[in-house]
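Asker: Sequence first, predicted model second:
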Amino acid sequence: MSAQLPDNTHIASAHLLTADLPRALRFYSDLMGFQIIRQDDSSATLSADGRTPHLLLSARPGARPKPRNGTGLYHVAIRFPNRNALGRTFRRMLVARYPFGGFSDHGVSEALYLNDPDGNGLEMYTDRPRSTWPRAGERLNMTTEPLDLDNLLAAADDSPWTGIDPQTDIGHMHLHVSDLGAARHFYSDLLGLDVMQDMGYHGAIFLAAGGYHHHLGLNIWAGTAPQPPNTLGLRSFALRIPDEAARQAAIGRLRAGGVAVDDQDGVAVIHDRDGNVTELVG
């Protein structure tokens, strides 16, 4: 492991595109319970705690959903602080008959998979205690097993709904890329995230700071086609590097590796070879 980024490095926010902003807000705010902290005719910022920007939505009227085959967003992972919080939101969405695409126990976490109304991939999850995370020797060993939904719902209390738990945040991002080796070089060797689990045999790797199971997942499951213009998906995500010296060191590594970095007002914008945009913030 490179340990090039501080342990408290984390995903700060995700910026998604929507073809219908009012429809997206009915999903994220009215149904899921995020608070709208800023809004205008073409954009909105949502927060779990009423202060911290977690999700940014920008309208792109007439845009088509991101194709299933090709690079770009796989999912934004919304992390709940405990099983009660995840179970309560899950139950609320089941009552509303919102469709889910899958459910998995990854050993490190319990995860629910779905798309938002624009087809943007989402994961709702909660972590298991770090001391229980499965390992193979020194390496993390995330798995994919069936999730006990009845047990998860049983963990949800019946207190009145007041919105999503305020400790909810964006736990990780997962991207489709065209070349796993090139993406690993970009995000690990240059940016400085540690490889937590290398599943190259399965077309995926998982990277993080501070020993977390992953802040970033990368896979080649959708093929190599670039995302077409005027489609939805991910506009960018923000990676918070709380130590400015470490942030500048990351910028230096990226520039030395031939990556263009636009660093203005404490936000450094970088693009990987597939056009996925990361904002490095302090």
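Answerer: That came through, no problem. Just so it is clear, the structure is predicted and the values come from calculations on it, not from any experiment. Residues are numbered from 1 along each chain as shown.

Asker: Geometrically speaking, which residue is the centre of this protein?
Answerer: Taking Cα atoms, centre = their mean as the criterion, residue 173 is the residue nearest the geometric centre of the chain, at 2.6 Å.

Asker: give me phi/psi at it?
Answerer: Phi and psi for residue 173, reported as degrees, to the nearest 10, are phi -120, psi 150.

Asker: I'd guessed it sits against residue 214; true?
Answerer: No. Proximity of residue 173 to residue 214 does not meet the contact threshold set by Cβ atoms under 8 Å, at 9.1 Å. (C-beta placed from N, C-alpha, C; glycine too.)

Asker: The residue nearest to residue 139 when sequence neighbours are not counted bridge partners, please.
Answerer: Residue nearest to residue 139 in three dimensions, not counting chain neighbours: residue 197, with 6.5 Å by Cβ to Cβ, 6 or more residues apart in numbering. Counting by DSSP bridges, residue 197 is bridged to residue 206.

Asker: ok now do residue 197, which residues does it touch?
Answerer: 139, 140, 141, 142, 205, 206, 213, 214 (Cβ atoms under 8 Å, 6 or more residues apart in numbering).

Asker: Tell me the one of the residues you listed nearest residue 59?
Answerer: Within the contacts of residue 197, distances to residue 59 taken as Cβ to Cβ reach their minimum at residue 214, with 30.2 Å.

Asker: what about the nearest residue to the closest one once chain neighbours are set aside, how many residues close to it?
Answerer: In space, residue 214 comes closest to residue 206 once its chain neighbours are excluded; the distance is 3.7 Å by Cβ to Cβ, 6+ apart. The burial count assigned to residue 206 is 24, neighbours taken as other Cβ atoms under 10 Å.

Asker: Tell me the predicted confidence for residue 206.
Answerer: According to the prediction, residue 206 has pLDDT 98.

Asker: wait, it sits on residue 193?
Answerer: No. Using Cβ under 8 Å, residue 206 makes no contact with residue 193, being 9.5 Å away.

Asker: which neighbours do the two share?
Answerer: In contact with both residue 206 and residue 193: residue 216, using Cβ under 8 Å, 6+ apart.

Asker: how close does residue 204 get to residue 196?
Answerer: Here residue 204 is placed at a distance of 11 Å from residue 196 (Cβ to Cβ, to the nearest Å).

Asker: Equivalent analysis for residue 83, please.
Answerer: Distance from residue 83 to residue 196, counting by Cβ to Cβ: 23 Å.

Asker: neighbour count winner among these two?
Answerer: Taking other Cβ under 10 Å, residue 83 and residue 196 do not tie; residue 196 has more neighbours (23 against 19).

Asker: Tell me the secondary structure at residue 164.
Answerer: coil (DSSP: H, G, I helix; E, B strand; the rest coil).

Asker: nope, residue 30 is what I was after
Answerer: Classification of residue 30 by three-state DSSP places it in helix.

Asker: show me where pLDDT drops low in this structure?
Answerer: For the chain, the stretches flagged by pLDDT under 70 are 1-3.

Asker: Please enumerate the helices of it.
Answerer: 21-25, 83-95, 149-154, 180-184, 244-256 (DSSP state H).

Asker: by contact count, what packs against the second one?
Answerer: To tie it back to what came earlier, the one meant is helix 83-95. Identification of packing neighbours for helix 83-95 by 3 or more Cβ pairs under 8 Å, 6 or more residues apart in numbering; DSSP states H and E yields strand 109-115, strand 121-127, helix 149-154.
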